[in-house]
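Q: 3D, please:
(one chain, ligands or ions: 1)
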Amino acid sequence: MNNVALGNHILVEFMKCDPHIMNDVATIERNMVEAAEKAGATVINSTFHHFSPYGVSGVVVIQESHLAIHTWPEYGYAAVDLFTCGEMDAWISFDYLKDCFKSNSYSAIEMKRGSVNLLTRNDFDVRSMREQAAGWRNPEFYTRNVWFTDKDEDQALSLRFTGEVFYDVQSPFQRVRILESTKYGKMLTLDDMVMTTINDEFHYHEMISHPAIFTHGNAKNILVIGGGDGGTIREVLRHKEVEKVTMVEIDGEVIKACKEHLPQIAASFDNPKLDLKVDDGIAFVKNAAPKSYDVIIVDGSDPVGPAEGLFSVAFYQNCYNALKDGGILITQGESPKFNQKAFAELNHTLQGIFGKDNAPISLFYVPTYPTGMWSFQYGLKGSENPVAVEKEEEIESFVNAQGLRYYNSAIHKASFATPNFVKNLVK
Ligand code: SPD
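A: Alright, predicted model coming up:
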């Protein structure tokens with residue numbers, strides 16, 4: 001009896017693996033490609049995807065078939081398929097991955113696939129098929145398809161990234177990474193959330209700084225809470241009237257990562273007007289002298305992990321106290337389309353502290369944040385009204401002199417126009 005098979009399939013259970021590796025899409029992709037190559041396979045393509053907050057799925061297509069993986073980091077588990085044809089010994093890949101994933105318990109079942117005695121062979125014109133196949137030959141380098149996803153339970157934004165990881169450190173507060181997206185260039189991520197990318201950072205950093213400073217008109221003493229990538233202080237320090245900027249960032253790893261890998265954003269850490277403190281911004285504001293700042297900018301991350309306290313009533317009450325009369329607070333306000341609850345609660349907090357009509361919302365567009373629609377929220381400790389600012393010429397000459405790419409005098413006013421659904425959310 002003929003028991004020749006077309007393929008060999010090893011179904012692997014890797015258990016008790018390192019959970020951090022199981023959640024690291026870049027490392028898993030590299031290990032899977034290496035596992036294929038070590039067994040002598042020719043890699044054609046790899047497609048890997050990270051799911052937030054955890055899990056990785058991916059496949060390496062090889063000339064000899066494929067290697068696939070699905071991980072459950074929370075269980076330290078990976079389900080791996082090693083499907084091969086021809087002479088390739090997939091057990092070499094198995095041994096390699098077992099070590100890479102630090103699996104302390106594993107099992108495997110080997111199956112023959114496509115028993116030739118059960119199949120009927122069709123006759124093709126082999127010559128013309130070979131010619132056709134030659135036209136489809138893979139480029140010299142295999143192609144990579146690795147995705148980073150920022151999402152909640154219902155909605156996501158995915159960016160394809162090159163697979164290169166420039167920085168990856170678990171700080172006492174969060175996982176700090178610099179990855180490289182194919183469309184938006186290098187990017188900073190904190191705990192799987194996109195913070196900023198080289199190609200669209202100016203949307204955020206120009207809009208967190210200039211409208212508030214122009215509205216104030218004479219901001220000399222500015223406090224920045226968070227902002228570790230340096231983009232906000234870069235923009236603030238463009239204003240000549242600013243005499244001092246105190247920046248309080250809780251995580252020194254963010255500053256280090258961005259200085260090393262995003263120098264275009266982290267461009268102003270050497271400015272003599274800057275007083276940089278690596279410290280807890282929440283405690284700093286609590287202990288700040290009353291009425292000391294003209295403008296307070298809260299450039300924090302989302303309301304999970306170290307930034308959670310940046311969304312509390314106590315924190316904004318302390319900011320209010322630390323602002324001079326006529327001072328302006330501006331804070332990263334989340335998205336009315338992605339996390340409506342945090343967005344609306346923050347506005348209610350600001351209305352409660354600064355007054356119902358003193359908590360305007362500015363909307364702007366960030367392509368790399370989920371839904372793209374994002375906000376800054378204000379607290380006005382005085383009668384200044386950002387929409388009533390009549391400084392068109394002054395703003396335009398600043399914009400031209402500084403080569404700004406998002407902010408201008410029309411955007412200044414227009415960003416405070418809110419759609420009806422947003423008005424209803426914060427009623
Ligand atoms: N979901 C993204 C919220 C971004 C908050 N801060 C970004 C830091 C840019 N300086």
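
Q: going forward, measure contacts between C-alpha atoms and count neighbours the same way
A: Fine.

Q: Name the residues of the stretch 101-250 of the chain found near the ligand, please.
A: Contact residues, the stretch 101-250 of the chain versus the ligand (C-alpha under 6 Å from any ligand atom): Val194, Met195, Thr196, Gly227, Asp229, Gly231.

Q: Repeat the analysis, applying 5 Å as the threshold.
A: Within reach of the ligand by C-alpha under 5 Å from any ligand atom, the stretch 101-250 of the chain has these residues: Met195, Gly227.

Q: ok, now the stretch 301-427 of the chain?
A: So far as C-alpha under 5 Å from any ligand atom goes, the stretch 301-427 of the chain lies against the ligand at Ser301.

Q: Go through the residues of the stretch 301-427 of the chain and report the one nearest to the ligand.
A: As assessed by C-alpha to the nearest ligand atom, the ligand sits closest to Ser301 within the stretch 301-427 of the chain, at 3.8 Å.

Q: Check the spacing between that residue and Asp192 real quick.
A: Distance, Ser301 to Asp192, using C-alpha to C-alpha, to the nearest Å: 12 Å.

Q: Count the neighbours of the residue of the stretch 301-427 of the chain closest to the ligand for me.
A: 20 (other C-alpha atoms under 10 Å).

Q: I'd guess it is in a strand, am I close?
A: No: counting by DSSP: H, G, I helix; E, B strand; the rest coil, Ser301 is located in no strand; its state is coil.

Q: which residues sit in contact with it?
A: Met195, Ala307, Gln332 (C-alpha atoms under 8 Å, 6 or more residues apart in numbering).

Q: pull the longest strand from this structure.
A: strand 156-170 (DSSP state E).

Q: What is that strand packed up against?
A: helix 25-38, strand 143-151, strand 175-181, helix 252-261 (3 or more C-alpha pairs under 8 Å, 6 or more residues apart in numbering; DSSP states H and E).

Q: The third one: what's the following helix or strand?
A: Past strand 175-181, heading to the C-terminal end, the next element that is a helix or strand (DSSP states H and E) is strand 185-190.

Q: who does the following helix or strand past that next one pair up with?
A: Later in the chain than strand 185-190, the nearest helix or strand by DSSP H and E is strand 193-197. Strand 193-197 sits in its sheet next to strand 185-190 (antiparallel), going by DSSP bridges.

Q: tell me how far the strand it pairs with is from the chain's mean position?
A: 6 Å (C-alpha atoms, centre = their mean, to the nearest Å).

Q: And stretch 232-249, by the same measure?
A: The answer for stretch 232-249 is 24 Å, by C-alpha atoms, centre = their mean.

Q: Show me which residues of it are buried.
A: Neighbour-count burial for stretch 232-249 flags 232-237, 239, 242, 244-249 (criterion: 16 or more other C-alpha atoms under 10 Å).

Q: The ligand: which of the residues you listed is nearest?
A: Checking the buried residues of stretch 232-249 one by one against the ligand (C-alpha to the nearest ligand atom), the nearest turns out to be Thr232, at 6.1 Å.

Q: For the closest one, give its distance to Tyr184.
A: 19 Å.

Q: now that we have the contacts of Ser301, which one has the most neighbours?
A: Gln332 (22 neighbours).

Q: who's in contact with that residue?
A: So Gln332 contacts Ile208, Val298, Asp299, Gly300, Ser301, Ser375, Phe376, Gln377 (C-alpha under 8 Å, 6+ apart).

Q: and those as a markdown table, adding pLDDT and distance to Phe398?
A: Listed next are the contacts of Gln332 as a markdown table, based on pLDDT from 0 to 100; distance: C-alpha to C-alpha, whole Å:
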| residue | pLDDT | distance to Phe398 |
| --- | --- | --- |
| Ile208 | 98 | 16 |
| Val298 | 98 | 23 |
| Asp299 | 98 | 23 |
| Gly300 | 94 | 26 |
| Ser301 | 89 | 28 |
| Ser375 | 98 | 23 |
| Phe376 | 98 | 21 |
| Gln377 | 98 | 23 |
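
Q: Nearest to the ligand: which residue in the stretch 51-200 of the chain?
A: Met195 (4.3 Å).

Q: Who are the contact partners of His9?
A: Asp81, Leu82, Phe83, Thr84, Glu110, Met111, Lys112, Arg113.

Q: Break down the chain into its helices, ranges please.
A: Ranges of helices in the chain, per DSSP state H, are 19-22, 25-38, 90-100, 126-135, 201-216, 231-236, 252-261, 281-287, 313-322, 340-354, 392-402, 409-414, 420-425.

Q: Buried ones in the fifth one, by neighbour count?
A: Applying a neighbour-count criterion of 16+ other C-alpha under 10 Å, one finds 201-216 buried in helix 201-216.

Q: same question, the first one
A: For helix 19-22, the buried set under the neighbour-count rule, 16+ other C-alpha under 10 Å, comprises Pro19, Ile21, Met22.

Q: measure stretch 224-233 end to end?
A: Span of stretch 224-233 from end to end, C-alpha to C-alpha: 8 Å.

Q: low-confidence ranges in the chain?
A: Within the chain, the stretches with pLDDT under 70 are 1-3, 130, 133-142.

Q: what's the spacing between the residue nearest the centre of it and Pro370?
A: Closest residue to the average C-alpha location of the chain: Val194 at 1.3 Å, with C-alpha atoms, centre = their mean. Using C-alpha to C-alpha, Val194 is found at 9 Å from Pro370.

Q: Repeat that for His50.
A: His50 is 15 Å from Pro370, by C-alpha to C-alpha.

Q: picking up where we left off before, go through the contacts of His9 and flag which are in strands.
A: Asp81, Leu82, Phe83, Thr84, Glu110, Met111, Lys112, Arg113.
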